[in-house]
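Undergrad: Give the three-dimensional model of this entry:
(one chain, ligands or ions: 1)
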Amino acid sequence: MSDVLLETRNLVIKFGGVTAADNVSLKIHAGRNLAIIGPNGAGKTTFLNICTGWLKPSNGQVLFEGQDVTPLPPRKIVDRGVARAFQIPQLFTEHTALENLLISVSARDKLRNPLMDMHRIPERDEMLHLLDMVGCADVADTLVVELSEGQRKLIDIAVALALKPRLLLMDEPTSGVASSEKHSIMEILIGALKEANVTSVFVEHDMGIVENYADEVAVWNSGNVQLRGSPAEILEHPDVIRDVIGEVV
Ligand SMILES: Nc1ncnc2c1ncn2[C@@H]1O[C@H](COP(=O)(O)OP(=O)(O)OP(=O)(O)O)[C@@H](O)[C@H]1O
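TA: Numbering: from 1, shown residues only. The predicted structure is shown next:
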């Protein structure tokens, strides 16, 4: 059986004179965490937006587990098993961490009024387990507004995992987090994904994170994949040092 989870074929999208996706064909393999790096404006976020249905390409296809999901709305793509986490966590800040997960699971299970009687929701134990997986069990009943940025990032990941995805696409999972905390957050995050058997793709500007947590790296440039390889190969490549690393140091 093929281990290709998601495949794009010849994706094209233009914004006025800018070609943000220029014939992008890429295979994402199950069980391997893929980092996407590249200079500002290279089209990394555009790629995530197309794969999750937020942008529709003018040409090309997105196949998830062999099925064409290109025309589907984002909600239906989530139902198929593709979740997304954003640079800024998309949480209900006036609700607790646990409530945020319950809201997510209620959307998954199409419950009508998740906040009316949360203690009866059978998935409550599952949600507490997810919070435990991301090291946030102790703040289950804390309002999100009172949490640190790092905790919010982890809860955002737990919210995505509550949707039971097989693939999670993340835009800069550690941005906005203090440098001293970045590695511990990635450590927890990658551990949780492994436990939940979820493959990840993450856009990242921090090469230390890429080196330590990616199994593979794809380098974006001018709307397309310029190079792909192991972190060691890619981070030592002269084009990457010139075009990407030179830009972020
Ligand atoms: N909705 C849009 N409307 C117009 N132009 C857009 C839109 N989205 C992206 N672009 C343009 O497409 C190009 C690629 O943008 P994108 O955000 O995908 O790049 P990126 O590689 O994620 O950049 P960064 O690292 O700065 O986040 C940029 O020139 C951007 O200005």
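
Undergrad: Okay, domains of this structure per the record?
TA: Following automatic domain parsing, the chain resolves into domains at 1-81+167-249, 90-164.

Undergrad: Give me the distance between the nearest residue to H237 once chain neighbours are set aside and I36.
TA: Among residues not flanking H237 along the chain, L227 sits closest, at 6.2 Å (C-beta to C-beta, 6 or more residues apart in numbering). Placement of C-beta: from N, CA and C, glycine included. To I36, L227 is 11 Å away according to C-beta to C-beta, to the nearest Å.

Undergrad: Between these two, which contacts overlap?
TA: By C-beta atoms under 8 Å, 6 or more residues apart in numbering, L227 and I36 have these common neighbours: A218.

Undergrad: what mean pLDDT would you report for the longest helix along the chain?
TA: If you go by DSSP state H, the chain has its longest helix at helix 179-195. With pLDDT averaged residue by residue, helix 179-195 scores 92.

Undergrad: Please spell out which residues along it are buried.
TA: 182-183, 185-186, 188-190, 192-193 (16 or more other C-beta atoms under 10 Å).

Undergrad: before we move on, what about stretch 62-79?
TA: 62-65, 69-70, 72, 77-79.

Undergrad: And those, which is closest to L143?
TA: Using C-beta to C-beta, V78 comes nearest to L143 of the buried residues of stretch 62-79, at 25.5 Å.

Undergrad: What residues does this protein have near the ligand?
TA: Selection of the chain residues close to the ligand by C-beta under 6 Å from any ligand atom yields 15, 18, 20, 38, 40-46, 220.

Undergrad: So how do I select the buried members of the residues you listed in PyMOL?
TA: In PyMOL, selecting the buried portion of the residues of the chain next to the ligand, with burial taken from 16+ other C-beta under 10 Å, looks like this:
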select buried, resi 20+38+42+43+44+45+46+220
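
Undergrad: Redo the residues of the chain next to the ligand as a markdown table? Include distance to F92, pLDDT and secondary structure.
TA: Listed next are the residues of the chain next to the ligand as a markdown table, based on distance: C-beta to C-beta, whole Å; pLDDT from 0 to 100; DSSP: H, G, I helix; E, B strand; the rest coil:
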| residue | distance to F92 | pLDDT | secondary structure |
| --- | --- | --- | --- |
| F15 | 31 | 95 | strand |
| V18 | 34 | 94 | strand |
| A20 | 31 | 96 | strand |
| G38 | 32 | 95 | coil |
| N40 | 30 | 91 | coil |
| G41 | 31 | 93 | coil |
| A42 | 32 | 95 | coil |
| G43 | 31 | 96 | coil |
| K44 | 27 | 97 | helix |
| T45 | 23 | 95 | helix |
| T46 | 27 | 97 | helix |
| W220 | 32 | 96 | strand |
